[in-house]
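>>> What shape does this take:
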Amino acid sequence: MQPARTLNMAMIGGGPDAFIGEVHRKAARIDGGIELVAGNFSRDRKKSEETGRKLLLNPARIYSRCEELAERERNLPEGTRADFVAIVTPNSAHFPIAKTLLESGFHVMCEKPMTISAGEARELQKLVKSSGKVFGLMHNYTGYPMVKLARDMVRGGELGEIRKIVVQYPQGWLATPAENTGSVQALWRTDPARSGAAGALGDIGTHCENLSEYITGLRITHVCADLTTFVSGRRVDDDANCLLRFENGAKGILHVSQIAIGEENNIVIWIYGTTRSLEWHQEHPNYLHVKEPDGPVHVYGRGNPSVGKKSPAAARATRLPPGHPEGFIEAFANIYCNFADTIRASLAGTQPDDLAVDFPNVNDGLRGMLFVDTVLASARSSDKWTPMLS
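A predicted model of the protein is given here:
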């Protein structure tokens, strides 16, 4: 059995103009079990080298192409080579890069959405299965302790039978044509060749789909969607409103927008059962509100011992005592922690425990792309309801 050790991480993407790459790097290092050792941070070699120098990496392990990274890293000795690679590029590059890495023998962590089509997602699912490698998908909102508490309460029957799910994610940063002002983040997210056919729907709508299915354990079966592009000249949607049907008969509302002026990252989910309801706000992530028909509102706070007793997953995802807030980067770190422990189990030839495998995977990525394709089909259709693609 191989002893537990620090895992070596490489990264593709996350260069000078990126946002999410640095979040991944910080989050992966929080718990001390992962070290960044290599990277291909940009297709521009100078930019890749610039980022690598700032990160104090060995110049010999700063690459200009994914294929170069895969070839040279896999030929290094075990324990020196990268154990896994994080993909933090624009969406269109996720699939070809993941394919190269899996076929080269690397475990993979990928930003969401996993691919730009359900066809790519199905092929990637097959590749992950045949490779035997660990594949993680960074739906980071499932990493929050209070989201895990909500999941355990709902799936434990504490809300009774689920009747209605309402989930939102409004932002306002694309209310004007920011893609025409030099914003790199806006430019690729509004380019269908790089983002895929969906705009706000793919960028943040997939988070809402994932969050609703993660907490409830219920799958969406039908969609009635209305997509809009409000900013003139934009080639992808910037606002989406969906009615949902779930497999147990529950009904849902999902709305996302990137033209909601004044909104930042206002993800909220409300879940209504036959006996109780709950709500969670991402901008106030350390509290979960649970409501009863004729009683007080119960507010569960992250880090409270009673939360840990109710949800071991929430306890595992908590680092600080109550009153010391944890947030966005820590949620990423919780995904990385579980992902890394699952890789360590793989290296040791053992089975990871149930808490360690609690992170989004390739199957969640396929669900996200099926949702996107279904919503796009629904928006084009004259039918009221479109069955979820499978």
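>>> chain center to stretch 214-231: distance?
16 Å (CA atoms, centre = their mean, to the nearest Å).
>>> Mean confidence (pLDDT) on it, please.
Averaging pLDDT along stretch 214-231 yields 98.
>>> Show the residue spans covered by the strands in the stretch 151-300 of the chain.
162-170, 220-228, 239-246, 251-257, 268-273, 277-281, 287-291, 298-301 (DSSP state E, counting those that start in this stretch).
>>> Same list, these, but as a markdown table with mean neighbour count please.
(Each C-beta comes from the backbone N, C-alpha and C, glycine too.) Below are the strands of the stretch 151-300 of the chain laid out as a markdown table (neighbours: other CB atoms under 10 Å):
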| stretch | mean neighbour count |
| --- | --- |
| strand 162-170 | 21 |
| strand 220-228 | 19 |
| strand 239-246 | 22 |
| strand 251-257 | 21 |
| strand 268-273 | 20 |
| strand 277-281 | 20 |
| strand 287-291 | 18 |
| strand 298-301 | 14 |
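>>> Which one of those lies nearest to Val362?
strand 220-228 (18.3 Å; CB to CB).
>>> Need the residues that contact the closest one.
201, 209, 212-213, 237-247, 252, 371, 374-376, 378-379, 384-388 (CB atoms under 8 Å, 6 or more residues apart in numbering).
>>> do the same with stretch 286-301
145-146, 149-150, 153, 158, 275-281, 302-303, 306-307, 322, 325-327.
>>> Domains in the protein, by residue range?
7-141+334-361, 144-322+368-380 (automatic domain parsing).
>>> Roughly how far does the residue lying farthest from the centre of the chain sit from Arg163?
For the chain, the residue at maximal distance from the C-alpha centroid (CA atoms, centre = their mean) is Asp294, at 36.5 Å. Separation of Asp294 from Arg163 (CB to CB, to the nearest Å): 18 Å.
>>> cool, Cys66 as well?
Distance from Cys66 to Arg163, by CB to CB: 46 Å.
>>> again, but for Leu7
The value you get for Leu7 to Arg163, if CB to CB is used, is 43 Å.
>>> Gln351 now?
37 Å.
>>> middle-most residue in the chain, spatially?
His139 (1.4 Å).
>>> from memory that residue sits against Asn363, does it?
No. Using CB atoms under 8 Å, His139 is not in contact with Asn363; the gap is 11.8 Å.
>>> what helix or strand does Gly365 sit in?
helix 362-380 (DSSP states H and E).
>>> Okay, now the unreliable bits of the stretch 101-250 of the chain?
Regions of the stretch 101-250 of the chain meeting the criterion pLDDT under 70 are absent.
>>> Would you state the helices of it in chain order?
All helices of the stretch 101-250 of the chain, identified by DSSP state H, counting those that start in this stretch, fall at 118-131, 145-155, 184-189, 192-195, 200, 206-216.
>>> right, and the ones you listed - which one's nearest Ser48?
helix 184-189 (15.6 Å).
>>> quick one: contacts of whichever helix or strand comes after the helix holding Gly365?
Next helix or strand after helix 362-380 toward the C-terminus (DSSP H and E): strand 386-387. Residues from elsewhere that reach strand 386-387, judged by CB under 8 Å, 6+ apart: 221-225, 374, 377-378.
>>> Mean confidence (pLDDT) on strand 386-387, please.
For strand 386-387, the per-residue pLDDT averages 98.
>>> With stretch 28-42 instead?
For stretch 28-42, the mean confidence score works out to 97.
>>> For that stretch, measure first residue to last.
End-to-end span of stretch 28-42 (CA to CA, to the nearest Å): 20 Å.
>>> Could you tell me which residues within it count as buried?
By 16 or more other CB atoms under 10 Å, the buried positions in stretch 28-42 come out as 28, 30, 33-34, 36-42.
>>> so who does the closest residue to Asp203 other than its chain neighbours touch?
Leaving aside its chain neighbours, Asp203 sits nearest to Arg189 (5.8 Å; criterion: CB to CB, 6 or more residues apart in numbering). Shown in contact with Arg189 (CB under 8 Å, 6+ apart): 90, 174, 179, 195, 199, 203, 236.
>>> Including neighbour count and distance to Asn75, could those go into TSV?
Putting these into TSV (neighbours: other CB atoms under 10 Å; distance: CB to CB, whole Å) gives the following:
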residue	neighbour count	distance to Asn75
Pro90	20	28
Leu174	26	43
Glu179	21	41
Ser195	23	34
Gly199	27	40
Asp203	24	37
Val236	23	40
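>>> measure Val37 to Leu174 for me?
For Val37, the distance to Leu174 - CB to CB - is 36 Å.
>>> close enough to count as contact, Gln282 and Val268?
Yes. Between Gln282 and Val268 there is a contact under CB under 8 Å: 7.1 Å.
>>> Quick one: neighbours of Asn91, just the number.
23 (other CB atoms under 10 Å).
>>> let me redo that: Pro192
15.
>>> Tell me the spacing between it and Thr386.
For Pro192 relative to Thr386 (CB to CB), the value is 21 Å.
>>> Ser195 now?
In terms of CB to CB, Ser195 sits 22 Å off from Thr386.
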